[in-house]
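Enquirer: Sharing a model prediction with you, sequence too.
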Amino acid sequence: MTAADAKTKIEKAFPGIKLRLVRESLLVENPADLLKLAAWLKESPDFKLDYLSSATGADLLTYLEVIYHLYSIAHKDRSLVLRARTDREKASLPSLVPVFRGAEYQEREVYDMYGIRFEGHPDLRRIFMWDGFEGWPLRKDYLQEDAETLEIADVNWLEKRGIKIPAELRRQAEELNRQGKRAVAQKEGKEAG
């Protein structure tokens with residue numbers, strides 16, 4: 001079953017739910033729908049997506065995203081990738097632990113690395129970093145005090161080699177350069193002062 005087929009079936013079962021196809025996955029537009037959708041996908045005879053193989057985070061500069069890979073043990077040919085986005089400043093999504101017990105440690109890892117709070121999680125605390133650690137190390141704006149910031153000197157270097165890069169990727173590289181330059185300036189300002 002393709003993501004487009006799954007979208008059609010889900011929209012019939014959940015009138016009003018907002019889903020968007022994103023690279024053979026489904027983005028759940030309203031995170032409040034995520035928990036009930038996951039429970040339904042697990043129990044629905046058409047899907048029986050009863051295994052959460054992974055939940056991982058991603059920093060896409062203007063928002064954070066969690067990507068869930070669901071599989072069916074009963075229907076070996078059924079799988080689905082769900083995505084949910086959240087604001088960077090108030091990063092929060094509903095926990096899927098009530099539906100998939102295996103989400104417990106995976107959500108803790110996403111919290112630890114990206115700072116996304118999972119509402120309803122039974123034990124949301126750091127799993128890799130120590131308790132006093134400040135910040136979220138996999139966020140693109142994280143600045144480690146003793147790290148060197150490298151600049152992407154020429155964002156056009158791929159195109160010079162005949163490889164076309166999407167405009168969004170170019171924009172992200174340019175934004176990372178700006179963030180890096182600001183971080184270096186702030187660091188140098190702290191050291192000078």
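Expert: Good, I have the coordinates.
Enquirer: after the helix or strand of the chain with the lowest mean pLDDT comes which helix or strand?
Expert: In the chain, no helix or strand scores lower on mean pLDDT, DSSP states H and E than helix 157-160, which sits at a mean of 70. Next helix or strand after helix 157-160 toward the C-terminus (DSSP states H and E): helix 167-192.
Enquirer: So Asp33 lies in a helix, does it not?
Expert: Yes. Assessed with DSSP: H, G, I helix; E, B strand; the rest coil, Asp33 lies in a helix.
Enquirer: now the helices for the protein?
Expert: Assigned by DSSP state H, the chain shows helices spanning 3-13, 34-43, 103-114, 157-160, 167-192.
Enquirer: Deepest in the core, which of the ones you listed is it.
Expert: When you average the neighbours per residue for each of those (mean count of other CB atoms under 10 Å), helix 103-114 leads with a mean of 20. Bear in mind the C-beta positions are built from the backbone N, C-alpha and C, glycine included.
Enquirer: mind listing what Tyr63 touches?
Expert: Applying CB atoms under 8 Å, 6 or more residues apart in numbering, one finds that Tyr63 lies in contact with Arg85, Thr86, Asp87, Arg88.
Enquirer: repeat that with 6 Å
Expert: By CB atoms under 6 Å, 6 or more residues apart in numbering, Tyr63 lies in contact with Arg85.
Enquirer: Could you check the pLDDT of it?
Expert: Looking at Tyr63, its pLDDT reads 95.
Enquirer: same deal with the one 5 residues further on?
Expert: Model confidence at Tyr68, expressed as pLDDT, equals 98.
Enquirer: hang on, it packs against Ala55?
Expert: Yes. The criterion here is CB atoms under 6 Å, and Tyr68 meets it with Ala55 at 5.1 Å.
Enquirer: Now do the closest residue to Glu104 other than its chain neighbours against Ser53, distance only.
Expert: Spatial nearest neighbour of Glu104, excluding adjacent residues (CB to CB, 6 or more residues apart in numbering): Val97 at 5.1 Å. Distance of Val97 to Ser53, computed by CB to CB, to the nearest Å: 15 Å.
Enquirer: Serialize the helices of the chain to TSV and add fields for distance to Asp77.
Expert: Shown next, in TSV, are these (distance: least, CB to CB, whole Å):
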stretch	distance to Asp77
helix 3-13	12
helix 34-43	15
helix 103-114	23
helix 157-160	37
helix 167-192	32
